[in-house]
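Visitor: structure of the sequence below:
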Amino acid sequence: TVILAVIRGSVCQQQFLSSPSPVVVSPGSNTTLSCLVENMGGECRWQKDGKPVGIYPGKYTLAKPDTEGDCSLTIFSVDLKLDDGEWECQVTSTSFQSQDALASSPAKLTVQVPPSTITLKTASQGTVEDQMMLRVAEDQLETITCMTSHSNPAPTISWQMGDQVLPSTKQTTTGERTEAILTHSFARSSSGQELQCVVSHAAYPSGERVVTAILDVLYKPTVSIARVDTPVLEDGVGSVTLTCNSQANPPARASWHKMGDKEGKKYPEELQMNPVRREQAGVYICQAENSVGRSEPEQTEVVVLYAPMMVVTQPKDKVEVMAHNRTVLTCQAEGNPAPKYQWIQTLSASTERTRSYTANLVVEDVGYGDQGEYRCVAINRIGGERREVESEPVKIEVTGAPQVVKQVGEVVGIHGSDVRLEAEFCSDPVPSESTWEWGGVVLPMGSEVDGRYKAELVSHPNKEDCYISRLTVKRLGLEDSRKYILNVENKHGKDMVPVLLTVKDSVSMASVISVVLVLLLILLILIISLLIAYNKQKLCFKGAEAAKKASSQEHHGYIQGASKLSLISENSDHVRPFPPSTKGLLPLDLIPPMQPQSLFNTPYYPTSSFYDKNSISFDSLHQTITHHTVGPATHNPSIGSPNTHGLPPPPSHEDENSNFQIYSQLQFPSTSNKGSMKKKKTDSALDSADTSPTP
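Guide: As a prediction, this is how the structure comes out:
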């Protein structure tokens with residue numbers, strides 16, 4: 001019997017055919033945890049979370065109590081708090097000796113419950129409800145937490161901004177709370193966008209729920225400067241308005257402060273300076289501040305122009321300098337733009353000299369010419385206009401050995417006249433000795449010698465500590481031509497200068513007057529000659545025209561008239577009483593007898609003998625007219641030519657035309673009555689020839 005029992009027990013030992021598996025159910029629903037046992041000899045038991053659960057009708061019951069080996073448990077109206085947990089199916093041993101009790105692996109019964117709340121939180125703002133404004137700072141890491149509570153199982157949480165999925169840190173679940181943390185830096189451009197916490201859970205009908213926050217990106221201010229100036233920003237004249245504009249979230253408060261202002265005074269965002277003052281010049285800084293932070297500073301410089309002022313010189317009043325030493329005058333003035341400088345030396349009441357165009361006047365090797373008053377002039381330009389201011393005068397006083405500052409190297413004097421030799425010198429202190437020296441003679445100032453030489457010393461009218469030394473020499477003689485030396489000396493030293501005197505003979509006033517009169521007379525003759533030549537040229541032109549016209553008329557009268565002269569023209573072809581150039585003029589022998597010596601007494605004017613070879617006498621003319629042939633006239637050499645009157649022989653043939661023309665012009669001027677007198681006398685000569693007896 002015992003052996004059979006053992007065999008039976010080993011062969012018919014109970015075991016699970018199926019054990020419970022995890023299950024997810026919704027609250028209030030019914031669910032069955034399956035548990036089937038083969039060769040079941042013991043009793044069914046259930047345990048939740050390690051604790052036994054009894055069979056309670058209406059809540060926990062075996063699914064099929066009458067079925068052998070079926071330990072499945074049905075749970076009615078599943079409740080999260082009561083039923084959610086780890087369930088185990090157990091079967092007691094068949095006997096106390098069999099030791100075949102069974103226990104299944106735990107099976108999770110999950111009562112599926114969506115989160116009851118979804119909350120967004122930040123450290124600075126706290127809880128942010130759905131569709132609320134979430135304030136974050138620009139370019140700063142913000143930590144935002146999305147939390148859910150009372151959900152089963154824990155949801156899945158993700159982050160989105162627009163279409164962008166943002167990475168989050170690890171999701172954690174603690175009890176009934178699940179959270180996901182977002183660490184992100186937001187840009188200014190993200191302001192106004194939606195930040196979404198997406199909670200995914202199977203219990204949601206749509207599978208997820210979204211909580212949205214509207215981003216409000218806060219950022220510190222940025223500033224810009226608006227400025228309005230007048231064209232010229234001059235002290236007391238121009239104006240300027242400075243505006244500090246800011247862009248910020250939340251709005252910022254902008255202000256101005258002046259660089260270097262120890263008081264740290266602040267000015268409103270619109271700063272007006274009207275009119276602007278030079279003490280307001282400087283660098284102004286614009287800055288704004290809000291809850292996020294302070295803006296980077298922006299700055300602008302206000303440059304106020306003003307004329308030079310407050311001229312300061314060193315030394316102030318005067319400076320004493322030894323001759324040949326070095327001295328420096330300095331000048332400084334305020335002004336904008338920075339002034340330029342001039343040092344001006346006053347030489348006299350009407351004369352000035354510019355000594356330097358820099359702030360420092362350096363005088364090397366000081367001399368008496370550098371002595372006097374100096375003024376520093378500070379100059380600038382504002383709006384194209386020159387502005388200047390002068391310093392108080394600074395006086396340079398020079399002391400030292402005498403110095404000759406002006407001299408005449410040579411003086412020319414006229415014999416018998418007076419002359420004065422001069423030289424200018426400066427000396428401080430006053431010279432202890434001043435003399436003129438020549439040829440062994442030493443003449444102190446204020447002295448006179450021989451009644452001809454006098455030395456004088458006078459103060460210079462325009463230059464301080466300067467003098468004019470004069471030596472007057474009267475009734476100059478040739479022996480006074482020499483070198484005269486001026487010697488000047490004081491306690492610091494001495495100086496000297498030579499002056500050369502040259503004496504020349506005088507020229508008499510009568511000689512000068514004579515030369516002048518001769519020159520004037522030559523000039524007068526020259527003017528008269530020019531006038532005569534001009535008038536003669538006009539008369540020659542006029543006479544040539546008249547002679548041409550008269551010749552034409554006479555030729556016509558000889559041919560057409562019935563005068564007796566036509567016989568001469570007809571019968572004297574073989575005779576040429578005149579050269580060819582005298583065509584149209586009457587033969588010389590037809591002119592009444594004249595006295596040639598009284599009119600032509602020079603060899604340049606030919607007499608009638610010039611024409612003897614080619615002309616006829618009055619007798620031959622008479623014979624021609626009476627048709628008597630007369631032989632050639634006899635010539636008496638002792639008597640000479642009856643027509644030369646003792647004059648030189650006639651000119652050569654080369655000069656014949658020119659001399660004859662001059663002669664004919666003198667015999668028949670162009671202003672004559674065109675030969676009427678000649679015709680009258682010729683007719684009377686012919687009449688007398690007709691009445692003369694025939695030989």
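Visitor: quick one: low-confidence ranges for the stretch 451-600 of the chain?
Guide: Residue ranges of the stretch 451-600 of the chain with pLDDT under 70: 507-510, 538-600.
Visitor: what about the helices in it?
Guide: In the stretch 451-600 of the chain, the segments counted as helices under DSSP state H, counting those that start in this stretch are 509-560, 565-571, 596-599.
Visitor: ok, now how distant is the residue nearest to K121 when sequence neighbours are not counted from H184?
Guide: Using CB to CB, 6 or more residues apart in numbering and skipping the chain neighbours, the partner closest in space to K121 is T145 (4.7 Å). C-beta here means a position set from N, CA and C on the backbone, and glycine is covered the same way. Distance, T145 to H184, using CB to CB, to the nearest Å: 12 Å.
Visitor: report pLDDT for Q15.
Guide: With respect to pLDDT, Q15 scores 90.
Visitor: which residues touch stretch 151-167?
Guide: 24, 80, 84, 110-116, 146, 148, 168, 171, 173, 176, 178-180, 182, 184, 190, 193-201, 203, 215 (CB atoms under 8 Å, 6 or more residues apart in numbering).
Visitor: quickly list what the residue nearest to K121 is bridged to.
Guide: Beta-bridge partners recorded for T145 (DSSP bridges): K121, I181.
Visitor: was I right about it contacting I181?
Guide: Yes. Using CB atoms under 8 Å, T145 is in contact with I181, at 5.1 Å.
Visitor: re earlier: buried subset of the contacts of stretch 151-167 as a ChimeraX selection?
Guide: ChimeraX command restricting the contacts of stretch 151-167 to the buried ones, with burial defined by 16 or more other CB atoms under 10 Å:
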select :80,84,110,111,112,113,114,115,146,148,168,171,178,179,180,182,184,190,195,196,197,198,199,201,203,215
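Visitor: restricted to strands, list the contacts of stretch 151-167.
Guide: Among the contacts of stretch 151-167, the members found in strands (DSSP state E) are 24, 110-111, 146, 148, 173, 178-180, 182, 184, 194-200, 215.
Visitor: number of nearby residues for the residue nearest to K121?
Guide: The tally of other residues near T145 (other CB atoms under 10 Å) stands at 19.
Visitor: residues contacting it?
Guide: Taking CB under 8 Å, 6+ apart as the definition, contacts of T145 comprise L120, K121, T122, E179, A180, I181, L182.
Visitor: ok, the residues you listed vs G372, which is closest?
Guide: The nearest member of those to G372, counting by CB to CB, is T122 at 85.4 Å.
Visitor: the closest one against T143, yeah?
Guide: Yes. At 6.9 Å, T122 and T143 qualify as touching, with contact defined as CB under 8 Å.
Visitor: for R355, which non-adjacent residue is closest in space?
Guide: The shortest distance from R355 to any non-neighbouring residue, by CB to CB, 6+ apart, is to W343 (4.7 Å).
Visitor: report how many residues lie close to the one you found.
Guide: 25.
Visitor: one step back: between T122 and T143, point out the one with more neighbours.
Guide: T122 (17 against 14).
Visitor: residues contacting that one?
Guide: V128, L134, R135, V136, E142, T143, I144, T145.
Visitor: again, but for I225
Guide: Residues near I225 by CB under 8 Å, 6+ apart: L242, T243, C244, N245, C286, E298, Q299, T300.
Visitor: could you check the angle strand 194-200 makes with the one helix or strand it maps to?
Guide: Using DSSP states H and E, I225 falls within strand 208-229. Angle, strand 208-229 to strand 194-200, by axes from the mean of the first three to the mean of the last three CA atoms, to 10 degrees: 170 degrees.
Visitor: how long is stretch 171-186 from one end to the other?
Guide: Its start and end residues considered, stretch 171-186 measures 22 Å (CA to CA, to the nearest Å).
Visitor: and the contacts of that stretch?
Guide: Residues contacting stretch 171-186 (CB under 8 Å, 6+ apart): 115, 136-152, 154-159, 166, 168-169, 197, 215, 217.
Visitor: apply 6 Å and report the result again.
Guide: 136, 139, 141, 143-150, 154-155, 157, 159, 166, 168-169, 217 (CB atoms under 6 Å, 6 or more residues apart in numbering).
Visitor: weed out the non-buried ones from those.
Guide: Of the contacts of stretch 171-186, these count as buried by 16+ other CB under 10 Å: V136, I144, T145, C146, M147, T148, A154, P155, I157, W159, S168, V217.
Visitor: residue contacts, the fourth one?
Guide: Contacts were defined as CB under 6 Å, 6+ apart; by that measure C146 touches L120, I157, A180, C197.
Visitor: swap in 10 Å and give it another go.
Guide: The contact partners of C146, taken as CB atoms under 10 Å, 6 or more residues apart in numbering, are 118-121, 128, 155, 157-159, 168, 171, 178-182, 195-199, 211, 213.
Visitor: and for the first one?
Guide: Each residue near V136 by CB under 10 Å, 6+ apart is listed here: 122, 124-125, 142-144, 184-186, 190-191, 195, 213, 215-219.
Visitor: partner residues bridging it?
Guide: V217.
Visitor: next one: it from G162, what distance?
Guide: When V136 is compared with G162 (using CB to CB), they lie 15 Å apart.
Visitor: centroid-nearest residue for this protein?
Guide: Nearest to the mean C-alpha position of the chain, by CA atoms, centre = their mean, lies G384 at 13.1 Å.
Visitor: per-residue confidence for it?
Guide: 93.
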